[in-house]
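Let's see this in three dimensions:
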Amino acid sequence: MRKAFFIDRDGTVNVEVDYLHRPEDVILIDGL
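Now for the predicted structure:
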């Protein structure tokens, strides 16, 4: 099975930022 990582842009699994263009700007929401 291939591994995958999905980023949700509307603030469901990560903190919503105006313009996400750098991987280091991704902040995941705790408890997911």
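
for Pro23, phi and psi?
Torsion angles at Pro23 (phi, psi; degrees, to the nearest 10) stand at phi -60, psi -30.

distance of it from Phe5?
Applying CB to CB, to the nearest Å, the value for Pro23 to Phe5 is 11 Å. Yep, even glycine has a C-beta here, placed from its N, CA and C like the rest.

Of the two, which one has the most company?
Of the pair Pro23 and Phe5, Pro23 is the one with more neighbours under other CB atoms under 10 Å, namely 7 against 4.

Which pLDDT value belongs to the more buried one?
The model reports Pro23 with a pLDDT of 86.

Just say helix, strand or coil for Arg2.
coil (DSSP: H, G, I helix; E, B strand; the rest coil).

How many neighbouring residues does it have?
3.

so how far is Glu16 from Met1?
Met1 sits 30 Å away from Glu16, going by CB to CB.

whoops, I mixed them up, Lys3
Distance from Lys3 to Glu16, counting by CB to CB: 25 Å.

Flag the shaky bits of this protein, pLDDT-wise.
Scanning the chain with the threshold set as pLDDT under 70 gives 7, 9, 32.

which stretches of the chain form strands?
For the chain, strands defined by DSSP state E do not occur.

Tell me where it has helices.
Here the chain has no helices by DSSP state H.

Lys3 and Glu16: who's more crowded?
A count of neighbours by other CB under 10 Å puts Glu16 above the other of Lys3 and Glu16, at 12 against 4.

Neighbours of the residue lying closest to the more buried one once chain neighbours are set aside, how many?
Using CB to CB, 6 or more residues apart in numbering and skipping residues adjacent in sequence, the residue nearest Glu16 is Asp10, 6.6 Å away. Look at Asp10: counted by other CB under 10 Å, it has 7 neighbours.
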